[in-house]
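S.K.: got a predicted model here, sequence first, then my questions.
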Amino acid sequence: MLLKELMEVIDYNEIINRSGMDVQNALVESLCCDSRKACEGSVFVCISGTITDGHDYARAAYSGGCRIFVTEHRLRLPDDTFVIIAPDTRVALASLSAKFFGYPAKEMTVIGITGTKGKTTSSLLIYNVLNECGIPTGYIGSNGVNYLDYSVATVNTTPESYDLHYHMRKMVDSGVKTIVMEVSSQALKMARVHGIKFDVCVFTNLSPDHIGEFEHPDFEDYKNCKRTLFTDYGAEYIVYNGDDEYALEVVGGNRCEKASISVGGKGDFRADSITYFRSPGNIGVSFECTCGDKSFPVALSFPGEFSVYNALTAIAVCTRLGISAGKITKTMRHIRIKGRFETHELPCGATVVIDYAHNGVSLKAALTALRAYNPNRLICLFGAIGGRTKMRRAELGLVASRDADFCILTSDNPDNESPSAIIGEIASYFTAGTCPYVAIPDRRKAIEYALENAEKGDIILLAGKGHESYQIICGIRESFSETEIVNEFCRKIENNSVGE
C-alpha cells in the first residue's frame, strides 16, 4: 500500500521530509511499534507505553532500515527520513492498521466484552457455542487468539491495534464470520480498539482493579474507560449484568437495544433454582433460565454463582445471533475452558482446581463457590505479581486467610521483585484466628507440596496463573504450566501403583 493512501486516514500536525524525495508514493510493506520489527519498507509508529516510550527507540528502528516515522514530536533523525507528527500516535496506529489490513472488522459481526471479572469465560462460552452451531467464530482475549485450527498466545488481553487487525484479517480470509473479543480497560484507554465498530457490547461487572502507578490512577478512570465501549464504538445491542451496582452508570449512555441478565432478579434473562453438583473430575452448577415466557434447564462444568452470570451472558448474546436455547444448552454441558476452573481428580480422591483468580474479588468468589461443595479441606495456593497492582496483596491475604482452611503462599509473576518479600507482605495479613499457612517461594515445589499432602475430599485451588504457560522472573518469561505439573504428578502416582 502506498504511504499517501495510509496518510489519508490519520490526523497530523506536520510533515518533515528531510530527504526531499517523493516519499508519499513509497510502498509500505508493514507497520510496527516495536523497533526490533522495523525494516526497510516499514513505518515505525512511536507510541508511549506505561514504562517505555517508543520515541526513544526511533534510532534503533532507523538502524533496522526504517525511514518513515510517525511521532508526537520532533526527533533528531538523519536527513533521509520522512516524519509524520501526529497529535496521538496510538490513535494513528489504530487507524493506519485498520486501513493497511482493509478494515477486516467491517466484514465480521464483532462482539466486545468488558468488565472486571468473567470476560474470558463468557467470551469462550460464546465462541464455543457459535462454532458448534455452525457460525465460524474467532476469539481474541486472555486465552490467546483462536479460530478454526489456529491458536496463538497473546501478551495482552487485548493486543495492540496492529496485531488486532492482523489477526482479524487472517480470520476473515479463513472464512470467520463472527469475532468475540475481550476488551480490557487498558485497551480502551490506549486506543487499541479505536475505530472498530462493535455490533454487540457486553458488560459483566465492575469492581476496583488495575489501579496503580502503571495502570489506572483511580477507580473513576477505570470505570470511565470501561464506559467508552458502550458510548463510542457504535453498539447496536448491549447485554449487561443488571445485578451490578455500576451497570446503568456504565451502559446507560447508549440508547440502543439492551438485554439485562440477573440471578433471581427481574432480568430479561433470569436464573433461578440454582443447584451445585460434584463428581470425580467435575465441579458444576445447574439452573433454570427464563427468558420472556420460556424457561429451560442449563448445566455447566463450572462452579459458583458467577458461572451462572457467565452462562446467562452467553445465552443472551447467542440468542441474539439466532441460536436456539436447545442448541445453546446442549453445547454448554460439555464446554471446558483452560485455566478457568479447570478441574483435575487426584488418585487420592482430592480435586485440584486451576483458576485465574488473581485479585481479592475473584479469589473471594472462587473460594466461596468451592466452599459450597463441602470439601474435606479447602486449600488455597496463591501469590501476587511483582512490580504493579500492589494493593492486591492485602486483598488476597485478607480473603484467603479468612475463607480457606489452609494456604500455601508462593510466587505468581514476581518479575524483578523478591518473591520472599511479596510473600512476606501477603503473610502480614494472616492474623490470629485466621487459617494456617506455609510459605514456599518456588511455585512448582509449592504445587508439589499441595499434591503430596492432599487427602480424599479436599479441594485444592491453584489461584492466579490459570491459562498462563509461563512465569515472569527477573524480566524473563520462563515456561511454566500448572496443568502439566498436575498431570505429571498423577502419572507418577499411577506408574508407582502399577509397579507395586
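M.R.: Yep, it's here.

S.K.: which residues are in contact with stretch 97-106?
M.R.: Residues outside stretch 97-106 that contact it (C-beta atoms under 8 Å, 6 or more residues apart in numbering) are 1, 5-6, 8-9, 28, 31, 161-162, 164-166, 168-169, 171-172, 179, 195-197. Where C-beta positions appear, they are placed from N, C-alpha and C, glycine not excepted.

S.K.: those, buried ones only, as a ChimeraX selection?
M.R.: In ChimeraX, this line selects whichever of the contacts of stretch 97-106 come out buried by 16 or more other C-beta atoms under 10 Å:
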select :6,9,28,31,161,162,164,165,166,168,169,171,172,179,195,196
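
S.K.: of the contacts of stretch 97-106, which belong to helices?
M.R.: Taking DSSP state H as the definition of helices, these contribute E5, L6, S161, Y162, L164, H165, Y166, M168, R169, M171, V172.

S.K.: against T137, how distant is the third one?
M.R.: When C-beta to C-beta, to the nearest Å is the yardstick, S161 and T137 sit 21 Å from each other.

S.K.: what of the fourth one?
M.R.: Y162 sits 22 Å away from T137, taking C-beta to C-beta as the criterion.

S.K.: also the first one?
M.R.: Applying C-beta to C-beta, the value for E5 to T137 is 31 Å.

S.K.: what sits against G64?
M.R.: G64 touches S35, R36, K37, A38, C39, counting by C-beta under 8 Å, 6+ apart.

S.K.: list the residues that contact the second one.
M.R.: Taking C-beta under 8 Å, 6+ apart as the definition of contact, the neighbours of R36 are A60, G64.

S.K.: neighbours of S428, how many?
M.R.: 11 (other C-beta atoms under 10 Å).

S.K.: please shift the residue numbers so they start at 349 in all later answers.
M.R.: Sure, I'll start counting at 349 from here, so that last one is S776.

S.K.: was I right about it contacting G745?
M.R.: Yes: S776 is within contact range of G745, at 7.1 Å (criterion: C-beta atoms under 8 Å).

S.K.: that older thread, nearest to S627, of the ones in helices among the contacts of stretch 445-454?
M.R.: Proximity of the ones in helices among the contacts of stretch 445-454 to S627 (C-beta to C-beta) peaks at M519, which lies at 36.6 Å.

S.K.: would you state the helices of the stretch 549-698 of the chain in chain order?
M.R.: Listed in chain order, the helices of the stretch 549-698 of the chain (DSSP state H, counting those that start in this stretch) span 567-579, 595-599, 653-668, 673-680.

S.K.: which stretch in the ones you listed has the least confidence?
M.R.: Between these, the one with the least mean pLDDT is helix 567-579; it has a mean of 89.

S.K.: quick one: low-confidence ranges for the stretch 499-648 of the chain?
M.R.: 556-565 (pLDDT under 70).

S.K.: and the closest residue to M456 other than its chain neighbours, what does it touch?
M.R.: Nearest non-adjacent residue to M456, counting by C-beta to C-beta, 6 or more residues apart in numbering: I527, 5.1 Å away. By C-beta under 8 Å, 6+ apart, I527 lies in contact with A453, M456, T457, V458, I459, T485, G486, Y487, I488, M516, M519.

S.K.: over to R407. Which of the three states is it?
M.R.: helix (DSSP: H, G, I helix; E, B strand; the rest coil).

S.K.: pull the contacting residues for it.
M.R.: So R407 contacts L425 (C-beta under 8 Å, 6+ apart).

S.K.: now do it, the pLDDT please.
M.R.: We have a pLDDT of 96 for R407.

S.K.: the one 3 residues further on too?
M.R.: The per-residue pLDDT reported for Y410 equals 96.

S.K.: distance of it relative to R424?
M.R.: 11 Å.

S.K.: the more surrounded of these two?
M.R.: Higher neighbour count among Y410 and R424: Y410, with 19 against 6, using other C-beta under 10 Å.

S.K.: secondary structure element holding that one?
M.R.: Using DSSP states H and E, Y410 sits in helix 406-411.

S.K.: cool, and V524?
M.R.: Residue-wise, V524 maps onto no helix or strand under DSSP H and E.

S.K.: list the contacts of it.
M.R.: V524 neighbours (C-beta under 8 Å, 6+ apart): M456, P484, T485, G486, Y495, L496.

S.K.: before we move on, what about Y588?
M.R.: So Y588 contacts V550, F551, A595, V598, V599, K606, A607, S608, I609 (C-beta under 8 Å, 6+ apart).

S.K.: of these, closest to N572?
M.R.: Nearest to N572 among the contacts of Y588 is V598, at 9.1 Å by C-beta to C-beta.

S.K.: what count of nearby residues applies to that closest one?
M.R.: Other residues close to V598 by other C-beta under 10 Å number 25.
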